[in-house]
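K.L.:
3D model of this:
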Amino acid sequence: VQLQASGGGLVQAGGSLRLSCAASGRTFSSYAMGWFRQAPGKEREFVAAISWSGGSTYYADSVKGRFTISRDNAKNTVYLQMNSLKPEDTAVYYCAAIDIATMTGFGSWGQGTQVTVSS
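P.N.:
Predicted coordinates:
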């Protein structure tokens, strides 16, 4: 599965963005998918995950209540709706297949999309 994230940009604190991750390949719907982010000088961290069916979702404490992950298996796409953005959300955001048991990504990561939140 090849992945391409998009939808990032520059937004003021309190604003919103919607990220998309388009996947190629017929096996997309077989995988749980996750969003991760990496800020400058920091390690990549888990943000959110969704089961293959979309029936279960998981969030990092730092984004719970502000971010919503969803997927459309017919479009081979997973989304991340980000509301009430904070400067500390600034990072490059990546999507990847994810092992729900360990919340670690695997396989293709793609190039990511930059999110910058100004104060």
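K.L.:
When you work out contacts or count neighbours from here on, use the C-alpha atoms and nothing else.
P.N.:
Noted.
K.L.:
and the most centrally placed residue in the chain, how far is that from Ala97?
P.N.:
Centroid-nearest residue in the chain: Trp35, 2.6 Å away (criterion: CA atoms, centre = their mean). Remark: distance between Trp35 and Ala97 (CA to CA, to the nearest Å) = 9 Å.
K.L.:
distance of Met103 from Lys86?
P.N.:
For Met103, the distance to Lys86 - CA to CA - is 23 Å.
K.L.:
Check Gly7 too.
P.N.:
Computed as CA to CA, the Gly7 to Lys86 distance reads 17 Å.
K.L.:
Those two: which has the busier surroundings?
P.N.:
More crowded of Gly7 and Lys86, by other CA atoms under 10 Å: Lys86, with 19 against 16.
K.L.:
if you skip the residues just before and after it, what's nearest to the more buried one?
P.N.:
Spatial nearest neighbour of Lys86, excluding adjacent residues (CA to CA, 6 or more residues apart in numbering): Ala13 at 5.0 Å.
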